[in-house]
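In: Quick one: sequence plus predicted model below, questions after.
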There are 2 protein chains.
Amino acid sequence: MSTRLSPTDHPIHEILQARWSPRAFTSDPVSPAQIRSLLEAARWSASGANGQPWSFIVAPREDTQTFELLLGTLVEANQVWAKNAPLLILAAAQVLREPGKPNPWALYDLGQAAAHLSIQATSLGIYVHQMAGFSPDQARAAFAIPEDFQPVTVIAVGSLGSPDDLPAPLREREIADRTRKPLASFVFGSTWGTPSPTLNG
Amino acid sequence: MSTRLSPTDHPIHEILQARWSPRAFTSDPVSPAQIRSLLEAARWSASGANGQPWSFIVAPREDTQTFELLLGTLVEANQVWAKNAPLLILAAAQVLREPGKPNPWALYDLGQAAAHLSIQATSLGIYVHQMAGFSPDQARAAFAIPEDFQPVTVIAVGSLGSPDDLPAPLREREIADRTRKPLASFVFGSTWGTPSPTLNG
């Protein structure tokens, strides 16, 4: 299976370069030891005042009931491929520090924890695909998620499968060139919109 | 200088384990090539529908005017140490996809980009300290940040300095034990609040 390294314009660490978000997963289970390392990586990410405003629901395929409950929250377009992943994880942000007291950085911090989880996965030779396409309300009801937490993403995890196992439109996306905006379009210097002089060199 | 590896309960990749958020930085500059690698790492992080809802303002100390403008947005408690960092970066999220159309995942995605930047820094032997303590309004005014973007954090970057160079209370925090909540307090299985069975093993 191709690793689809990011076609970078500047050198980045090989783990960051190897990370991407597949839809084709094999049925090989993610072991409990691997799951613990994924969450341990998330645990040690940075957060505002070390508040760690995150929680996760872990649904390995073997835990059929939890897996099906979480799978059922996904939009149909995600279920069609995510049903084959051996592990789904719900990521939730603690958006209220206490009743009526929002934490405006909760989603930012949760994103960092999820990035650490993804990068740890890559270092283990497994991959992650984060999904916004799910019903937070359905997830809240299914798992009795309290009001101070907001379900933000569902994360599929597993070993890389074959694009041939995906329906045709997804198969093409799976092997399409990976693209990003150029740095000069979003890295500015003294003036918003003007590329940072540090980009030249 | 101690690397202060995270005291993990489960193995994680050495770069993730080495990342932490110092306040003491040396005056050694972060080179333009290093800056490009930091932003390139951010560039290749994941985002909803590959929307890449992020922009950055890069303020190396050598660019005195930009550096001072960004430094001036920080709360006093951050200025006291961040003024010695050789590089400050403002991270902003595109919270509106178009007028009246919010992107609820913009901060989550920006957090991932910032995490990639931090991990790339660690791989280069430099460190990052992200700050929520600054004035977004002042930053918006100083850099003419448009309405669709929200300034979220200011990130100090540099080589690790000596805790002895910090004022006393910060010196103690710089060398204090690094702590996190236990996994069992935020990694759940079928029921919110009940630790995932995958944590046992």
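Out: Yep, that arrived.

In: which residues of chain A fall in strands?
Out: A:54-60, A:87-94, A:96-98, A:101-102, A:127-131, A:149-158, A:187-188 (DSSP state E).

In: who wins for proximity to chain B among these?
Out: Closest of the strands of chain A to chain B is strand A:54-60, at 4.2 Å (criterion: Cβ to the nearest Cβ). In this view, the C-beta of every residue, glycine as well, is placed from N, C-alpha and C.

In: returning to what we had before: let me have the strands of chain A in JSON lines, adding mean pLDDT as columns.
Out: Below are these laid out as JSON lines (pLDDT from 0 to 100):
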{"stretch": "strand A:54-60", "mean pLDDT": "98"}
{"stretch": "strand A:87-94", "mean pLDDT": "98"}
{"stretch": "strand A:96-98", "mean pLDDT": "95"}
{"stretch": "strand A:101-102", "mean pLDDT": "96"}
{"stretch": "strand A:127-131", "mean pLDDT": "98"}
{"stretch": "strand A:149-158", "mean pLDDT": "98"}
{"stretch": "strand A:187-188", "mean pLDDT": "98"}
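
In: got TSV for these, with distance to chain B too?
Out: Shown next, in TSV, are those (distance: least, Cβ to the nearest Cβ, whole Å):
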stretch	distance to chain B
strand A:54-60	4
strand A:87-94	8
strand A:96-98	13
strand A:101-102	12
strand A:127-131	6
strand A:149-158	6
strand A:187-188	5
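
In: residues near the residue in chain A positioned nearest to chain B, how many?
Out: Closest contact between chain A and chain B, by Cβ to the nearest Cβ, is at residue A:111 (2.8 Å). Residues lying near residue A:111 (other Cβ atoms under 10 Å in any protein chain shown) number 33.

In: Check residue A:151 too.
Out: 23.

In: who does it bridge with?
Out: Assessed by DSSP bridges, residue A:151 has beta-bridge partners residue A:92.

In: hang on, isn't it packed against residue A:139?
Out: Yes. Using Cβ atoms under 8 Å, residue A:151 is in contact with residue A:139, at 4.3 Å.

In: between these two, what contacts are shared?
Out: Shared contacts of residue A:151 and residue A:139 (Cβ atoms under 8 Å, 6 or more residues apart in numbering or on different chains): A:90, A:145.

In: tell me the contacts of the residue nearest the centre of chain A?
Out: The geometric centre of chain A, computed from its C-alpha atoms, lies nearest to residue A:130 (Cα atoms, centre = their mean), at 3.3 Å. Applying Cβ under 8 Å, 6+ apart to residue A:130 gives the contacts A:21, A:91, A:114, A:118, A:153, A:154, A:155, A:156, B:46.

In: again, only this time at 10 Å
Out: A:21, A:89, A:91, A:111, A:114-115, A:117-118, A:152-157, B:46-48, B:105, B:108-109, B:112 (Cβ atoms under 10 Å, 6 or more residues apart in numbering or on different chains).

In: Find the nearest non-adjacent residue to the residue of chain A closest to chain B, please.
Out: Once flanking residues are discounted, residue A:111 sits nearest to residue B:111: 2.8 Å by Cβ to Cβ, 6 or more residues apart in numbering or on different chains.

In: I'd assumed residue A:124 was in contact with residue A:37.
Out: Yes. Contact status for residue A:37 versus residue A:124: in contact at 6.7 Å, counting by Cβ atoms under 10 Å.

In: For chain A, which residues score under the pLDDT cut-off?
Out: A:1-3 (pLDDT under 70).

In: Tell me how far the helix ranked longest in it lies from the chain's centre.
Out: In chain A, taking DSSP state H as the definition, the longest helix is helix A:106-123. Centroid separation for helix A:106-123 versus its chain: 7 Å, with Cα atoms, centre = their mean, to the nearest Å.

In: hey, C-alpha coordinates of that helix in PDB?
Out: The C-alpha trace of helix A:106-123 is given here as PDB (Å, rounded to 0.1, in the frame of the first residue of the first chain):
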ATOM      1  CA  ALA A 106     -12.000  23.900  24.300                       C
ATOM      2  CA  LEU A 107     -12.300  22.900  20.700                       C
ATOM      3  CA  TYR A 108      -8.800  24.200  19.900                       C
ATOM      4  CA  ASP A 109      -7.400  22.100  22.700                       C
ATOM      5  CA  LEU A 110      -9.400  19.100  21.700                       C
ATOM      6  CA  GLY A 111      -8.000  19.500  18.200                       C
ATOM      7  CA  GLN A 112      -4.500  19.400  19.500                       C
ATOM      8  CA  ALA A 113      -5.300  16.200  21.500                       C
ATOM      9  CA  ALA A 114      -6.700  14.600  18.300                       C
ATOM     10  CA  ALA A 115      -3.700  15.600  16.300                       C
ATOM     11  CA  HIS A 116      -1.400  14.000  18.900                       C
ATOM     12  CA  LEU A 117      -3.600  10.900  18.700                       C
ATOM     13  CA  SER A 118      -3.300  10.900  14.900                       C
ATOM     14  CA  ILE A 119       0.500  11.400  14.900                       C
ATOM     15  CA  GLN A 120       0.900   8.600  17.500                       C
ATOM     16  CA  ALA A 121      -1.200   6.400  15.200                       C
ATOM     17  CA  THR A 122       1.100   7.200  12.300                       C
ATOM     18  CA  SER A 123       4.100   6.300  14.400                       C
END
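
In: who touches residue A:103 in this structure?
Out: A:47-49, A:51, A:53, A:93-97, A:109, A:148, B:132.

In: please redo it, this time with the cut-off set to 7 Å
Out: A:51, A:53, A:94, A:95, A:96, A:97 (Cβ atoms under 7 Å, 6 or more residues apart in numbering or on different chains).
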